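# Need a 3D model of the sequence below.
(one chain, ligands or ions: 1)
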Amino acid sequence: MTAALGKDLIGLERLSPDQIRLILDTAEPFKEVSERPIKKVPALRGKTIVNLFFEASTRTRISFEFAEKRLSADTVNVAATGSAVQKGETLVDTAKNLEAMRIDMVVIRHASSGAAQFLGDRIRSNVVNAGDGKHEHPTQALLDLLTIRDKLGRIEGVKVCLVGDILHSRVARSNIWGLTKLGAQVAVCGPHSLMPRGIEELGVTVLRRVEEAIEWADVLNVLRLQLERMEAGFIPSLREYYRVFGVTVERLAKAPRALTVMHPGPMNRGVEIDSRVADGPHSVILDQVTNGVAVRMAVLYLLAGGKPELADAAKGPAAGGTD
Ligand code: CP
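This is a model prediction of the structure:
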């Protein structure tokens, strides 16, 4: 158990503003490591980390793996396909068997809300939530916060609107916790059918029209329509959704101030976002991906007991060469 973050990172709901700032500040010195010819430091040498990805992922899985390797940890990747999960083994049995091999940390993505907490309560290893059902995706929100801070120089007072499928989005929930704790003004915008009832209780304003969102916000974080989590009937059609809620060049042209556009990926181009916006001058979407590695390095480093004040020193060259 580390004093800085506790044993596990389950969600931003549990973190204090100071803990969130600590992660962002610890990520800063780790950014530079990824720019080096030899992208490796010794901070987690000797630690073993298992990445349990029981749901599809490109950015999060690869970014955690890069973060672990760049910190010199030993890593193993486990997917549901090809593991004993396919034979009916439970999540806890899988994790306990991994612990019997003396691992130190588990990074888990799972379709069930609460899976990360469930695991964290039952194993000794640190658990990092890489996205659990509709609950939270804390490292995505942390990298979003870091990207906003990089781009605008601050988070406090910035107006951020999350646009799209709020109902099914763990990214939205983690962003709302993180942004409100750091003093941003937060709004959500999307179809009534994709807006959780009582969302205002989390301290956000509901905007019904994307044009209103564009007029109000400094930052739009455009969310993916999570078609795999929807039963039928949430929206009339994808074309209709794009017509009413799509973030397009024509709509952005009416923004009264410079607008930053984010998207956690993967994008449905031509559904929630116009390709010309995704690839255009407002977009920081690939900066988000770059920041993901540094943020995940910071989370792993702090959970492993790394001292925040030593993060700068920890990014020194790997002793004894690379492996
Ligand atoms: N943003 C995000 O979680 O992307 P992946 O599903 O590709 O990991």
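# Nearest residue to the middle of the chain?
Q140 (1.0 Å; C-alpha atoms, centre = their mean).
# check contacts around the nearest residue to T260 once chain neighbours are set aside.
Nearest residue to T260, sequence neighbours excluded (C-beta to C-beta, 6 or more residues apart in numbering): V219, at 4.6 Å. C-beta: built from backbone N, CA, C; applies to glycine. When contacts are counted by C-beta atoms under 8 Å, 6 or more residues apart in numbering, V219 touches 148, 151-152, 158-161, 259-262.
# Quick check: residues of the stretch 151-300 of the chain near the ligand?
264-266 (C-beta under 6 Å from any ligand atom).
# how much space between A172 and the ligand?
12 Å (C-beta to the nearest ligand atom, to the nearest Å).
# quick one: pLDDT of that residue?
According to the prediction, A172 has pLDDT 98.
# What is the burial count for it?
Using other C-beta atoms under 10 Å, A172 has 29 other residues around it.
# One more: D150?
16.
# Would you check that it makes contact with D287?
Yes: if you go by C-beta atoms under 8 Å, D150 and D287 touch, sitting 6.9 Å apart.
# check contacts around I176.
Counting by C-beta under 8 Å, 6+ apart, I176 touches 162, 186, 188, 202-204.
# Just the buried subset of those residues, written out for PyMOL, thanks.
Of these, the buried ones go into a single PyMOL selection, burial set by 16 or more other C-beta atoms under 10 Å:
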select buried, resi 162+186+188+204
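# which of the contacts of I176 are the two that sit furthest away from each other?
Spatial extent of the contacts of I176 (C-beta to C-beta) is set by the pair L162 and G203 at 12.7 Å.
# what is in contact with the two at once?
With C-beta under 8 Å, 6+ apart as the test, L162 and G203 both reach 176, 186.
# Any regions of the stretch 1-150 of the chain where pLDDT drops low?
1-3 (pLDDT under 70).
# Let me see the ranges of the strands in it.
All strands of the stretch 1-150 of the chain, identified by DSSP state E, counting those that start in this stretch, fall at 48-53, 74-79, 105-110, 126-132.
# of all the ones you listed, which lies closest to E250?
strand 126-132 (32.7 Å).
# Could you find the closest non-adjacent residue to the closest residue to the ligand within the stretch 201-323 of the chain?
For the stretch 201-323 of the chain and the ligand, the shortest gap (C-beta to the nearest ligand atom) falls at P264, measuring 3.9 Å. Spatial nearest neighbour of P264, chain neighbours left out: V171 (4.8 Å); criterion: C-beta to C-beta, 6+ apart.
# how much space between S57 and the ligand?
In terms of C-beta to the nearest ligand atom, S57 sits 3 Å off from the ligand.
# Doesn't N175 belong to a strand?
No: judged by DSSP: H, G, I helix; E, B strand; the rest coil, N175 forms no part of a strand; its state is helix.
# Model confidence score at G233, please.
G233 is given a pLDDT of 71.
# residue contacts, it?
Contacts of G233 (C-beta under 8 Å, 6+ apart): S193.
# Then H282?
252, 258-261.
# Which ones among these lie within helices?
When the contacts of H282 are checked against helices (DSSP state H), the matches are L252.
# From the contacts of H282, list just the buried residues.
Buried among the contacts of H282 by 16+ other C-beta under 10 Å: 252, 259-261.
# For these, work out which two are farthest apart.
Among these, L252 and T260 lie farthest apart (C-beta to C-beta), at 10.7 Å.
# residues contacting the closest residue to the ligand within the stretch 101-250 of the chain?
Using C-beta to the nearest ligand atom, Q140 is the residue of the stretch 101-250 of the chain that sits closest to the ligand, at 5.2 Å. When contacts are counted by C-beta under 8 Å, 6+ apart, Q140 touches 60, 131, 170-171, 174-175, 264, 292.
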